[in-house]
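Trainee: Just to be clear, the model below is a prediction. Sequence and coordinates:
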Amino acid sequence: MNYSHLALEKVFDDAPLNTAYQSLMKARLSETEVSDDLLHPAMDKLLEDLHARRATSSAQEWKSFVNICMHHPLKALLHQDPFTHRAFAKPRGTPAMRSYWTLSTGMRRAGPSRPA
């Protein structure tokens, strides 16, 4: 049995991305409204599929799949959400994350006070 062929089929299988894209497009009611009843199950399924793919992929397979994800129309659709876009554009640990967290939640993190 040719296992490398199976690995390539798995890497280039973008069916979960296509399914998520179609489901999320159905959830859009207008340019500014989405149906929560359709949105949440679609996102849950996408996350489940991505976790399963990651758990069963080698490092190289996952890297190749991520490359496919980066060029799939689903990326642009997901990045319409400002929080998703920001998480992608500004990775964890950057100084701007603290102020963005405050902006998004309306709360300040507890911590030592800065000297005046």
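Mentor: Arrived safely. Residues are numbered from 1 along each chain as shown.
Trainee: Give me the contacts around the longest helix anywhere in the chain.
Mentor: With secondary structure taken from DSSP state H, the chain has its longest helix at helix 36-55. For helix 36-55, contacts defined as CB atoms under 8 Å, 6 or more residues apart in numbering pick out 10, 16, 19, 20, 23, 24, 26, 27, 62, 65. Just so you know, the C-beta spots here come from the backbone N, C-alpha and C atoms, and that holds for glycine as well.
Trainee: try 10 Å
Mentor: Contacting residues not belonging to helix 36-55 are listed as 10-11, 13, 15-17, 19-29, 34-35, 61-62, 65-66, 69, 74, 78, 81 [CB atoms under 10 Å, 6 or more residues apart in numbering].
Trainee: Same check on stretch 17-34?
Mentor: With CB under 10 Å, 6+ apart, stretch 17-34 has contacts from 14, 35-43, 45-47, 49-50, 65, 68-69, 72-78, 80-81.
Trainee: rerun at 7 Å
Mentor: By CB atoms under 7 Å, 6 or more residues apart in numbering, the residues outside stretch 17-34 that reach it are 35, 38, 39, 42, 45, 46, 69, 72, 73, 74, 77.
Trainee: pLDDT score for the closest residue to residue 35 other than its chain neighbours?
Mentor: Spatially, and ignoring its direct neighbours in sequence, residue 35 is nearest to residue 27 (5.0 Å; CB to CB, 6 or more residues apart in numbering). Note on residue 27: pLDDT of 92.
Trainee: and if you look at the one 4 residues further on?
Mentor: Residue-level confidence at residue 31 comes out at 81, pLDDT.
Trainee: what number of residues lie near it?
Mentor: 6 (other CB atoms under 10 Å).
Trainee: Nothing else from me, thank you.
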